[in-house]
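**Q** only the shape, not the letters, is given here:
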């Protein structure tokens with residue numbers, strides 16, 4: 001348990017484990033009940049070669065064997081906010097795709113930080129960017145933003 005002090009020097013106790021458990025409970029409580037509607041984090045396959053490869057990961061020796069590693073998609077407790085396309089007028093030809101803002105606790109973010117896209121409700125959202133981390137004492141919170149693939 002962290003014992004931080006506020007700037008006005010009034011010590012108090014903060015139980016990070018209790019806070020994490022409460023936030024995870026809220027994330028799980030708000031999750032859709034149907035499994036095909038839950039957000040799934042997907043990862044890019046990793047290909048490695050027995051010998052040396054160039055910067056594009058193409059082997060110098062075409063007879064080298066390749067090993068492909070596939071990580072299965074996973075679901076972790078998180079908050080998902082759907083951000084609809086802008087109602088404001090845009091320049092002619094501009095498209096403003098819908099986005100998903102996904103809020104994760106630091107421990108769950110560590111499991112999905114290298115994901116390349118998510119699928120929710122049958123729609124694919126590509127990784128767009130990540131906002132700066134924020135938190136509460138020793139508990140970190142991460143916001144990842146994904147952009148709808150079929151609207152780009």
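**A** Structure's in. What do you need? This structure is a prediction, so every number in the text was calculated from the model and none was measured.

**Q** longest strand anywhere in the chain?
**A** For the chain, the strand that runs over the most residues, judged by DSSP state E, is strand 139-148.

**Q** quick one: strands adjacent to that one?
**A** Its sheet considered, strand 139-148 pairs with strand 99-105 (antiparallel), strand 123-130 (antiparallel), strand 134-136 (antiparallel) by DSSP bridges.

**Q** closest one to residue 51 among those strands?
**A** strand 123-130 (30.8 Å; CB to CB). For glycine as for every other residue, the C-beta is placed from the backbone atoms N, C-alpha and C.

**Q** can you name the residues in contact with the closest one?
**A** By CB atoms under 8 Å, 6 or more residues apart in numbering, the residues outside strand 123-130 that reach it are 99-100, 115-119, 142-150, 152.

**Q** quick one: which of the strands paired with strand 139-148 has the weakest pLDDT on average?
**A** Looking at those, the lowest mean pLDDT belongs to strand 134-136 (a mean of 85).

**Q** so which residues make contact with that strand?
**A** By CB under 8 Å, 6+ apart, the list of residues contacting strand 134-136 reads 14, 16, 19, 106, 140-141.

**Q** in it, which residues are buried?
**A** When burial is assessed from 16 or more other CB atoms under 10 Å, strand 134-136 yields no buried residues.

**Q** stretch 119-129 too?
**A** In terms of neighbour count (16+ other CB under 10 Å), stretch 119-129 has its buried residues at 119-120, 125, 127.

**Q** how about JSON lines for the strands paired with strand 139-148, with distance to residue 75 added?
**A** Formatted as JSON lines, those follow (distance: least, CB to CB, whole Å):
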{"stretch": "strand 99-105", "distance to residue 75": "12"}
{"stretch": "strand 123-130", "distance to residue 75": "14"}
{"stretch": "strand 134-136", "distance to residue 75": "23"}
